[in-house]
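Q: Just to be clear, the model below is a prediction. Sequence and coordinates:
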Amino acid sequence: MVASQEQTGGTAESSGPAAAPARAAGRTLRRGVFPGSFNPPTNAHLAISEAVRTQHALDVLVWSVSRVALAKEEVLRPRLVDRVRVLTWIAERFDWLEVSVTDVQLLSEISAGFDVIVMGADKWHQIHDSVFYGNDSARRDASIASLPSVAIAARPPHECPAHLVLNLPDWVGAVSSTQARTTDPDLMVPEAARFDAETGAWTDPARYEKWLVRQ
């Protein structure tokens, strides 16, 4: 588990980096982290997760949700508690998948204690922009150097080092959560689609607000 966590219904609450990895059968578990907003979780998120688990021989992959993601508008709706609930339902299907919530934002902090960090090619480019480090290039370079092994999901037209790129079907790079919210809800993972059908969480904000009133 990640340090300073309370495990409730498969969801880990965290405000800091990971604790020492768990051990099983006399060996240290290999753990990866996949930071994101998962708003909503899509079939691409699952495909990337399966790929990194296999290609990097991971025992555990953690979907890590920042309360306020770096360089992204704060997500107020659906509520964080509802988004995390959906992610927890998904994680219950896979014995290798966990969910955590964190207050830290820099990937170097989120990935501390993990063996692998997963990111899209667009995020790889973003972390090289010194603006996120107070325009301090030395701080930027130190932050990137501190990352564990990096696994990148290709996202055209962004280019990135070929040896870091996961082997994924071409369709994965074309999928976005924005698409799933606005034009193609079929891209949602089934648990998210069911919650959306019940509440309108992603596709019908007015209906979601009415659902919240009834809670």
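A: Good, I have the coordinates.
Q: can I assume Thr88 sits in a helix?
A: Yes: Thr88 sits within a helix when classified using DSSP: H, G, I helix; E, B strand; the rest coil.
Q: If I look at it, what pLDDT would I see?
A: Per-residue confidence (pLDDT) for Thr88: 98.
Q: got it, and Gln7?
A: On the pLDDT scale, Gln7 gets 34.
Q: now Glu74
A: pLDDT, Glu74: 77.
Q: ok, now Ala142?
A: At Ala142, pLDDT is 96.
Q: Check which helix or strand it maps to.
A: Using DSSP states H and E, Ala142 sits within helix 137-145.
Q: If you count contacts, what does that helix end up packed against?
A: The contact analysis (3 or more CB pairs under 8 Å, 6 or more residues apart in numbering; DSSP states H and E) places helix 137-145 against helix 107-110. Quick note: C-beta positions are derived from backbone N, CA and C, even for glycine.
Q: Quick check: mean pLDDT of the helix it packs on?
A: For helix 107-110, the per-residue pLDDT averages 94.
Q: helices and strands around the next helix or strand after that helix, which ones?
A: Going down the chain from helix 107-110, the next helix or strand is strand 116-120, by DSSP H and E. Applying 3+ CB pairs under 8 Å, 6+ apart, one finds that strand 116-120 makes contact with strand 31-35, helix 43-55, helix 107-110, strand 149-153.
Q: Does anything pack onto the helix or strand just after strand 116-120? Which helices or strands?
A: With elements assigned by DSSP H and E, the helix or strand that comes after strand 116-120 is helix 121-126. Applying 3+ CB pairs under 8 Å, 6+ apart, one finds that helix 121-126 contacts strand 149-153.
Q: Would you check that Tyr208 makes contact with Phe195?
A: No: using CB atoms under 8 Å, Tyr208 is not in contact with Phe195, being 9.9 Å away.
Q: and for those two, which residues touch both?
A: Shared contacts of Tyr208 and Phe195, defined by CB atoms under 8 Å, 6 or more residues apart in numbering, are found at Ala201.
Q: Report pLDDT for Cys160.
A: Value listed for Cys160 in the pLDDT field: 94.
Q: Neighbours of it, how many?
A: Residue crowding around Cys160 was assessed by other CB atoms under 10 Å; the count is 20.
Q: likewise Ser149?
A: Ser149: 15 surrounding residues under other CB under 10 Å.
Q: Surely it and His56 touch.
A: Yes: Ser149 lies in contact with His56 (CB under 8 Å); the separation is 6.8 Å.
Q: Where does the prediction get shaky in this structure?
A: 1-25, 70-73 (pLDDT under 70).
Q: got the buried residues for stretch 151-159?
A: Across stretch 151-159, burial judged by 16 or more other CB atoms under 10 Å covers 151-155.
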